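Visitor: using only what follows, build the 3D model:
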Amino acid sequence: MSLGMPDDWANWGEIWKAVTEQYGVTHTDTDMSSGEAIEKIIAERNNPSADITEIGIEFAPFVVKKGLSLPYRTTNWDKIPAWARDKDGQ
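Guide: The predicted structure is shown next:
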């Protein structure tokens, strides 16, 4: 389940279709704003209902400060401009 990543936003529909075809998983989304998604993550911190969310970049410092994200570096990490990434992969 995702938060704020509906099929009609940013080509998520095609992405979810490809993920479903490749991995055989099903997908549902609760369409909400970045602020709503963050509040839900905080409320469900110990028992989350969602696996993933997309939030606006301006919310990233708050999420990191609250310990709500996990570090991750893509295989193309070095191609991302330094200004657009967190040094620790947050």
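
Visitor: nearest residue to residue 56 in space, please, no chain neighbours.
Guide: Nearest non-adjacent residue to residue 56, counting by CB to CB, 6 or more residues apart in numbering: residue 34, 4.6 Å away. For every residue, glycine as well, the C-beta is placed using N, CA and C.

Visitor: okay, now the one you found: neighbour count?
Guide: 19 (other CB atoms under 10 Å).

Visitor: cool, and residue 89?
Guide: Other residues lying near residue 89 total 12 when counted by other CB under 10 Å.

Visitor: also residue 3?
Guide: 25.

Visitor: just to revisit the earlier point, got the contact list for the residue nearest to residue 56?
Guide: With contacts defined as CB atoms under 8 Å, 6 or more residues apart in numbering, residue 34 is in contact with 4, 54-56, 59.

Visitor: among those, which are in strands?
Guide: Among these, no member is found in strands (DSSP state E).

Visitor: ok, and the most crowded of the residues you listed?
Guide: The member of these that has the most neighbours, counting by other CB under 10 Å, is residue 4 with 23 neighbours.

Visitor: and the spatially most central residue of the chain, bridged to which residues?
Guide: Nearest to the geometric centre of the chain sits residue 53, at 3.1 Å (CA atoms, centre = their mean). Beta bridges link residue 53 to residue 3, judged by DSSP bridges.

Visitor: quick check: buried residues in the longest helix seen in the chain?
Guide: Taking DSSP state H as the criterion, the chain has its longest helix at helix 12-23. Neighbour-count burial for helix 12-23, counted by 16 or more other CB atoms under 10 Å, picks out 12, 16.

Visitor: toward the C-terminus from that helix, list the very next helix or strand.
Guide: As assigned by DSSP states H and E, the chain's next helix or strand after helix 12-23 is strand 29-30.

Visitor: who's in contact with that next one?
Guide: Where contact means CB under 8 Å, 6+ apart, the residues beyond strand 29-30 that reach it are 1-7, 12, 16, 40, 50.
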